Each structure stands twice: as structure tokens, then as C-alpha cells.
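Participant: Fold the following and give me the result.
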Amino acid sequence: MSNKEILTLKIMTKEISIACPEEDKAGLIAAAEILNSKIAFIPDKANALILASLDLAFQSTQQTSGEIVNQDLAHEIANLITHVDQSLQD
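Facilitator: As a prediction, this is how the structure comes out:
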């Protein structure tokens with residue numbers, strides 16, 4: 001089992017600190033950047049996080065052929081979205 005580190009990310013205007021393995025840091029930082037770039041283009045800032053997360057989760061379930069990819073991955077993304085949304089509301 002790998003050691004976990006505290007990683008602080010900025011989503012919208014809020015900072016969120018999460019514990020993650022060292023090998024996941026770069027991916028989480030990239031994911032936060034992608035999420036923030038999606039949010040920047042959504043005019044409804046009150047719902048921007050939810051809409052951007054939904055869009056990213058939807059995109060992750062689609063292949064170019066339109067087939068559903070991995071249902072477990074889609075479920076995990078939905079859970080992550082819920083946790084991030086709850087953290088930002090605190």
C-alpha cells in the first residue's frame with residue numbers, strides 16, 4: 001500500500017485538500033485543471049461545478065462509437081463529483 005500525501009487543489013474559488021498516493025498527484029492536478037477549464041465556459045456559475053462534472057462524467061462514458069465504456073468508472077466519477085461538490089459547499 002502506498003503512502004498518502006495531502007494535495008491541495010483549487011476548484012473554482014475554493015481550495016480543497018485531499019489525501020492521495022504520490023502516483024495519483026499529477027493525474028488529480030490535471031483533472032482539476034480540466035474541471036476548472038470546463039467551469040470557465042459555463043455562464044451559470046451557481047451550477048457550473050455540477051454542469052461541468054456532469055459533462056466530464058458523460059464524456060468518460062462515451063467512446064467514439066457512442067458505446068458505454070466502463071460502468072464502474074462512470075460510477076466512481078459520479079461519487080467523486082459528489083464528494084467534491086459536498087466539500088465545496090462546506
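Participant: what about residue 10, neighbour count?
Facilitator: 11 (other CB atoms under 10 Å). C-beta coordinates here come from the backbone N, C-alpha and C atoms, glycine included.
Participant: do residue 14 as well
Facilitator: 13.
Participant: thought it was touching residue 88?
Facilitator: Yes - between residue 14 and residue 88 there is a contact at 5.0 Å, judged by CB atoms under 8 Å.
Participant: The protein: strands as residue ranges?
Facilitator: All strands of the chain, identified by DSSP state E, fall at 4-11, 14-21.
Participant: Show me what the last one is packed up against.
Facilitator: Taking 3 or more CB pairs under 8 Å, 6 or more residues apart in numbering; DSSP states H and E as contact, the helices and strands that strand 14-21 lies on are strand 4-11, helix 71-89.
Participant: Now do the shortest one, average pLDDT.
Facilitator: The average of the pLDDT scores along strand 4-11 is 92.
Participant: Run me through the strand neighbours of that strand, direction for each.
Facilitator: strand 14-21 (antiparallel) (DSSP bridges).
Participant: quick one: least confident helix or strand in the chain?
Facilitator: Every helix and strand in the chain was compared by mean pLDDT, DSSP states H and E; the lowest is helix 71-89, with a mean of 71.
Participant: Could you dump the helices and strands packed on strand 14-21 into CSV with distance to residue 58 added?
Facilitator: Listed next are the helices and strands packed on strand 14-21 as CSV, based on distance: least, CB to CB, whole Å:
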stretch, distance to residue 58
strand 4-11, 19
helix 71-89, 9
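Participant: Can you check which of those gets nearest to residue 27?
Facilitator: strand 4-11 (10.5 Å; CB to CB).
Participant: Please list the residues outside that closest one that contact it.
Facilitator: Residues from elsewhere that reach strand 4-11 (CB atoms under 8 Å, 6 or more residues apart in numbering): 15-22, 25, 28-29, 32, 35-36, 39, 49, 84, 88.
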